[in-house]
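*Asks:* how would this look folded up:
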Amino acid sequence: MRFWQKYHRGRSQKRSILCVGLDTAIEQIPPHLHSLGLSQCLTEFNRRIIASTHDLAVAYKINLAFYEQYGLDGWIAFEHTLSAIPPECIVIADAKRGDIGNTSKAYAKAFFEKYDCDALTVAPYMGQDSVAPFLEYDDKMTFVLALTSNAGSHDFQRMEVGNKHLYQAVMQSTMAWTSVEGAKNLGFVVGATHPQELAELRTKYPESMFLIPGIGTQGGDLPATVQANAGAPALINVSRAIIFASKDRNFDQTARLAALSFVEKFRNVHIAPRSVSTTSTTSV
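*Replies:* Predicted coordinates for the structure are as follows:
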């Protein structure tokens, strides 16, 4: 799988599991870029963020809402942003798609073929036929929303379904929906604001890829998150705390320093070994 190749190479070479979220809100972009016009403003901001952080970031997560809201200008900026991301970095389209089968098939074709993204976030509420079209792409990663980082995640995701929470039922069910050995093209979104649950999920899904948002502005505890993840495959997303670290003309260099700070924290957290037979520790 192309996704896994990029992930393992990036994690090894960069000693990082950082995913930079490009939640590019125009009102947060430094004022001196606004004169460029909407699409060029978004594009230039993203281009400079990417140029200053790509040696630290394994992935970039582009939140489609921040582009779709501007219509054609936003879609142009999205396409130009895709072109600015180095080919060795993972591109995640954070689109949270999911609809009846033929609609999901069109969504999958758009993001996995037309835009050639490496991964996509998907909402599983409508069931198997709404997720299956995404899972047909063996070399891509489909991230199913499981236990999200927002406060409203408690409204539905923790409802009791039989003897488990809804998010647990979602994860258990979707694992059976892919024909790829080991469900290697299926990942889960699990928020950093739930470190205890993250640790519990890692005991059940130690090899699954997790996309972990919620560090930074949402208040997730980074050391607790890294420890709870226990060295398993993951991308920890940081958005606003990096890209909007400054509104000065040198915003990109400030963003780099912020990204480097997070990466260094990843590296300095020691993880308890999985096996009880050894007392050694490993770092991210």
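*Asks:* would you list every one of the helices in this structure?
*Replies:* Secondary structure of the chain (DSSP state H): helices at 2-14, 38-53, 65-68, 72-84, 101-108, 128-135, 153-156, 166-174, 195-204, 222-229, 240-243, 251-268.
*Asks:* mind listing what's buried in the fifth one?
*Replies:* By 16 or more other Cβ atoms under 10 Å, the buried positions in helix 101-108 come out as 104-105, 107-108. Bear in mind the C-beta positions are built from the backbone N, C-alpha and C, glycine included.
*Asks:* I'd like the residues you listed laid out as CSV, including pLDDT and distance to residue 181.
*Replies:* Below are those laid out as CSV (pLDDT from 0 to 100; distance: Cβ to Cβ, whole Å):
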residue, pLDDT, distance to residue 181
104, 97, 23
105, 97, 23
107, 98, 25
108, 98, 20
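*Asks:* Between those residues, which sits nearest residue 39?
*Replies:* Proximity of the buried residues of helix 101-108 to residue 39 (Cβ to Cβ) peaks at residue 107, which lies at 23.0 Å.
*Asks:* isn't that closest one right up against residue 95?
*Replies:* Yes - between residue 107 and residue 95 there is a contact at 7.3 Å, judged by Cβ atoms under 8 Å.
*Asks:* anything in contact with each of those two?
*Replies:* Both residue 107 and residue 95 are contacted by residue 120, under the criterion Cβ atoms under 8 Å, 6 or more residues apart in numbering.
*Asks:* Now do the contacts for residue 183.
*Replies:* 175, 208.
*Asks:* Swap in 6 Å and give it another go.
*Replies:* Neighbour list for residue 183: residue 175 [criterion: Cβ atoms under 6 Å, 6 or more residues apart in numbering].
*Asks:* try the one 5 residues further on
*Replies:* The contact partners of residue 188, taken as Cβ under 6 Å, 6+ apart, are 144, 146, 171, 210.
*Asks:* list the contacts for the first one?
*Replies:* Contact criterion Cβ under 6 Å, 6+ apart gives 122, 124, 174, 188 as the residues in contact with residue 144.
*Asks:* Report the beta-bridge partners for it.
*Replies:* For residue 144, the beta-bridge partners under DSSP bridges are residue 122, residue 188.
*Asks:* now the last one
*Replies:* Here residue 210 sits in beta bridges with residue 188, residue 234, as judged by DSSP bridges.
*Asks:* Show the pLDDT at it.
*Replies:* Here the pLDDT value assigned to residue 210 is 97.
*Asks:* Make 351 the first number, not 1, from now on.
*Replies:* Okay, residue one is now 351; in that scheme the one you just asked about reads as residue 560.
*Asks:* Would you check that it makes contact with residue 584?
*Replies:* Yes - Residue 560 is within contact range of residue 584, at 4.5 Å (criterion: Cβ atoms under 6 Å).
*Asks:* Looking at those two, which is more packed in?
*Replies:* Neighbour totals were compared for residue 560 and residue 584, and residue 584 leads with 26 against 23 (other Cβ atoms under 10 Å).
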